[in-house]
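>>> structure for the following, please:
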Amino acid sequence: MLFGTALLGAALLINAPTVLEPKTDVLYMKNGDKMTCEIKTMNAGALYVSLDYVDGTISVEWSRVARLESTRLFIVKLVDGTVYTGRMSILPEEGTDSVLVRLVQLDGTSVAFDKSQIAGLGGTSDKFWGRLNGDVTSGFGYSKGNNSTTYNFSSAVNYPRARWSASLFLNSNLSSSDGTTTSTRNQFGLGASKLLRWNTWFYSGAFSGLQSTEQSITFQGSVSGGIGKYFKDTSTLKISMTGGAAYQATTYTSDISGNSEDVIAALIAGRLSYVKFKKTSLSVNANVLPALNDLGRFYFNANASYFVKLFGAVNWNLSFYGNWDTQPPAGSSGSDYGFNSGLSWTFGNE
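Presented below is the predicted three-dimensional model:
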């Protein structure tokens with residue numbers, strides 16, 4: 001709990017500079033309206049912006065944007081998978097119905113393309129802290145009947161760049177009640193991926209750790225890597241699969257026979273994220289690890305989060321976690337899973 005509070009404080013410090021930055025992006029709409037704002041991201045056909053006099057963000061229909069003036073950095077992804085980082089302007093092309101995007105990259109070279117070719121964009125920065133996006137979620141419950149207490153904390157931070165990204169996540173759960181042993185589960189993961197020369201292919205690597213009272217796991221560390229492909233990569237829906245290999249070392253509590261194991265496994269990973277205009281988002285991550293040095297044994301883990309926007313940067317969150325082992329050691333449970341809900345706060349260019 002102390003660690004969760006510390007991370008929340010760190011996240012607030014990270015976001016503080018972005019809150020104070022002046023709004024300098026200027027949008028001109030096709031009907032003649034003009035607004036000075038800060039562009040956050042473009043998803044599901046909507047451009048999300050913040051205004052000095054509006055709490056939170058508002059969404060603007062992307063197809064109705066006629067011009068854009070900005071001195072800020074953006075990461076821009078096209079429908080063919082090409083990704084650019086640079087300063088962008090949007091102007092109607094004289095004599096045609098087209099709207100032209102001109103983007104000056106960090107090396108000084110410029111590119112131009114039609115606005116309809118943009119699949120998604122997001123604000124970034126030339127400073128490290130200004131590039132971070134993420135969320136912090138927490139929930140708490142109490143029941144007098146059996147003096148039952150539940151607590152959960154989770155956070156995810158993403159660091160996107162033009163052709164690569166890194167991410168960090170953690171979640172912590174505690175459940176206690178009279179007459180039972182307090183149950184805890186703590187999990188963290190650090191991952192990175194980079195696009196290959198074929199824009200729908202990437203390679204990735206990850207390290208994760210798990211502690212679970214339910215499965216008698218003192219610590220389980222995993223290192224994995226592989227090659228992946230985006231089967232769908234739009235501003236609304238992203239689906240990818242990764243194949244590779246993993247090494248997993250597990251230490252069980254002292255009352256488990258043979259209380260440590262090392263496993264070499266194949267890796268099959270799936271990722272899905274979906275955004276519904278203005279209201280909700282869903283993310284699902286699932287990994288299957290067939291053991292290669294213990295044939296017939298499979299590990300499976302999954303994490304899923306569903307967000308519903310409430311107001312400003314505050315959302316309601318429902319999340320699921322699960323971890324399974326088809327052949328656990330004697331005295332250990334083969335599964336640990338559960339649901340959590342709580343309020344979450346988002347920060348960064350989202």
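>>> ok, now which ones touch residue 281?
273-275, 306-307 (Cβ atoms under 8 Å, 6 or more residues apart in numbering). For the C-beta atoms, the positions are set from N, CA and C on the backbone; glycine is no exception.
>>> what does residue 90 give?
Contacts of residue 90 by Cβ under 8 Å, 6+ apart are 65-68, 99-102, 115.
>>> before we move on, what about residue 189?
So residue 189 contacts 167-170, 206-209 (Cβ under 8 Å, 6+ apart).
>>> these in strands, which ones?
If you go by DSSP state E, the contacts of residue 189 have 167-170, 206-209 in strands.
>>> in the stretch 101-250 of the chain, where is pLDDT below threshold?
Low-confidence segments of the stretch 101-250 of the chain, defined by pLDDT under 70: 125-131, 142, 144-145, 162, 235.
>>> what ranges do the helices span in the stretch 1-150 of the chain?
2-20 (DSSP state H, counting those that start in this stretch).
>>> all strands for the stretch 201-350 of the chain, in order.
In the stretch 201-350 of the chain, strands defined by DSSP state E, counting those that start in this stretch lie at 201-212, 217-233, 237-252, 260-276, 280-290, 298-311, 314-325, 335-347, listed in chain order.
>>> can I get those strands in CSV with distance to residue 149?
Listed next are those as CSV, based on distance: least, Cβ to Cβ, whole Å:
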stretch, distance to residue 149
strand 201-212, 18
strand 217-233, 22
strand 237-252, 26
strand 260-276, 32
strand 280-290, 28
strand 298-311, 23
strand 314-325, 19
strand 335-347, 14
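>>> if we can go back for a sec, ok, so of the contacts of residue 189, who is nearest residue 317?
Comparing the contacts of residue 189 against residue 317 with Cβ to Cβ places residue 169 closest, at 13.2 Å.
>>> number of nearby residues for residue 265?
23 (other Cβ atoms under 10 Å).
>>> in contact with it, which residues?
Counting by Cβ under 8 Å, 6+ apart, residue 265 has contacts 245-248, 289-292, 299.
>>> go again using 6 Å as the cut-off
Counting by Cβ atoms under 6 Å, 6 or more residues apart in numbering, residue 265 touches 246, 289-292.
>>> is it bridged to anything, and to what?
Beta-bridge partners recorded for residue 265 (DSSP bridges): residue 246, residue 291.
>>> measure it to residue 339 for me?
Distance, residue 265 to residue 339, by Cβ to Cβ, to the nearest Å: 27 Å.
>>> likewise for residue 77?
In terms of Cβ to Cβ, residue 77 sits 33 Å off from residue 339.
>>> who has more neighbours out of these two?
Legend: neighbour count by other Cβ under 10 Å for residue 77 and residue 339, higher for residue 77 (21 against 11).
>>> I figured residue 124 was touching residue 73, is that so?
Yes: assessed by Cβ atoms under 6 Å, residue 124 is found in contact with residue 73 at 4.9 Å.
>>> looking at those two, which is more packed in?
residue 124 (23 against 20).
>>> what about that one, distance to residue 117?
Distance from residue 124 to residue 117, by Cβ to Cβ: 19 Å.
>>> same question for residue 177.
From residue 177 across to residue 117, the span is 56 Å (Cβ to Cβ).
>>> verify the stated contact: residue 98 with residue 116.
No: here residue 98 does not reach residue 116: they are 8.1 Å apart, not a contact under Cβ under 6 Å.
>>> which residues are contacting stretch 337-350?
11, 15, 40-41, 122-123, 132-139, 152, 313-315, 317-320, 322.
>>> coming back round to it: save the contacts of residue 281 as JSON lines, and put in distance to residue 48, neighbour count and pLDDT too.
Shown next, in JSON lines, are those (distance: Cβ to Cβ, whole Å; neighbours: other Cβ atoms under 10 Å; pLDDT from 0 to 100):
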{"residue": "273", "distance to residue 48": "16", "neighbour count": "17", "pLDDT": "88"}
{"residue": "274", "distance to residue 48": "16", "neighbour count": "16", "pLDDT": "85"}
{"residue": "275", "distance to residue 48": "10", "neighbour count": "21", "pLDDT": "75"}
{"residue": "306", "distance to residue 48": "19", "neighbour count": "17", "pLDDT": "91"}
{"residue": "307", "distance to residue 48": "14", "neighbour count": "20", "pLDDT": "88"}
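>>> what is the nearest of the residues you listed to residue 191?
Closest to residue 191, out of all of those and judged by Cβ to Cβ, is residue 273, at 14.3 Å.
>>> contacts only, for that closest one.
238, 283.
>>> can you tell me who it pairs with across the strands?
Counting by DSSP bridges, the residues bridging with residue 273 are residue 238, residue 283.
>>> that one and residue 184: what is the separation?
28 Å.
>>> related to what we said a few turns ago, I'd like the contacts of residue 265 written out as CSV, with distance to residue 193 and neighbour count added.
Below are these laid out as CSV (distance: Cβ to Cβ, whole Å; neighbours: other Cβ atoms under 10 Å):
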residue, distance to residue 193, neighbour count
246, 15, 24
289, 18, 23
290, 22, 17
291, 25, 20
292, 23, 13
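>>> from those residues, which single one is nearest residue 331?
For the contacts of residue 265, the minimum distance to residue 331 (Cβ to Cβ) is 19.3 Å, reached by residue 291.
>>> so who does that closest one touch?
Contacts of residue 291 (Cβ under 6 Å, 6+ apart): 263, 265, 297.
>>> one more: residue 73?
residue 124.
>>> please apply the same query to residue 250.
Contacts of residue 250 (Cβ under 6 Å, 6+ apart): 220, 261.
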